[in-house]
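S.K.: Fold the following.
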Amino acid sequence: MWEVSLETEGSGTAELSASPTAEPTFVAYYLPRPALVHEAGKTRIYLNEGYFPRAFAVPQAQVVADETAALAALLANQDRLDQIVFLS
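M.R.: A predicted model of the protein is given here:
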């Protein structure tokens with residue numbers, strides 16, 4: 001049995017394979033932990049600096065055919081999600 005331990009700081013990707021020439025058998029994507037802003041008992045609240053407000057208006061709408069097309073459009077426009085809405 002193998003035991004692997006990995007500690008990271010920052011964000012990025014960790015890959016694990018059985019040999020140096022083999023394709024990765026395990027890939028982990030990690031992000032830095034957001035700042036803790038409140039803790040009471042078992043409850044913790046972290047700061048999410050990339051949040052959108054509960055309601056806002058966008059200047060553009062795009063009609064999509066189905067859920068698959070909507071997901072593809074979301075992935076293609078990740079940097080513009082505050083400017084476009086997708087409608088079915």
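S.K.: okay, and for this protein, where does confidence drop off?
M.R.: 1-20, 22, 24-26 (pLDDT under 70).
S.K.: Show me the strands in it, by range?
M.R.: Assigned by DSSP state E, the strands in the chain fall at 12-16, 26-30, 36-40, 43-46, 60-63, 84-87.
S.K.: In a markdown table, list these along with mean neighbour count and distance to residue 78.
M.R.: C-beta here means a position set from N, CA and C on the backbone, and glycine is covered the same way. As requested, the strands of the chain are exported to a markdown table (neighbours: other Cβ atoms under 10 Å; distance: least, Cβ to Cβ, whole Å):
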| stretch | mean neighbour count | distance to residue 78 |
| --- | --- | --- |
| strand 12-16 | 11 | 17 |
| strand 26-30 | 11 | 15 |
| strand 36-40 | 9 | 26 |
| strand 43-46 | 10 | 22 |
| strand 60-63 | 10 | 14 |
| strand 84-87 | 12 | 11 |
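S.K.: of all these, which lies closest to residue 71?
M.R.: In terms of Cβ to Cβ, the element of these nearest to residue 71 is strand 84-87, at 9.3 Å.
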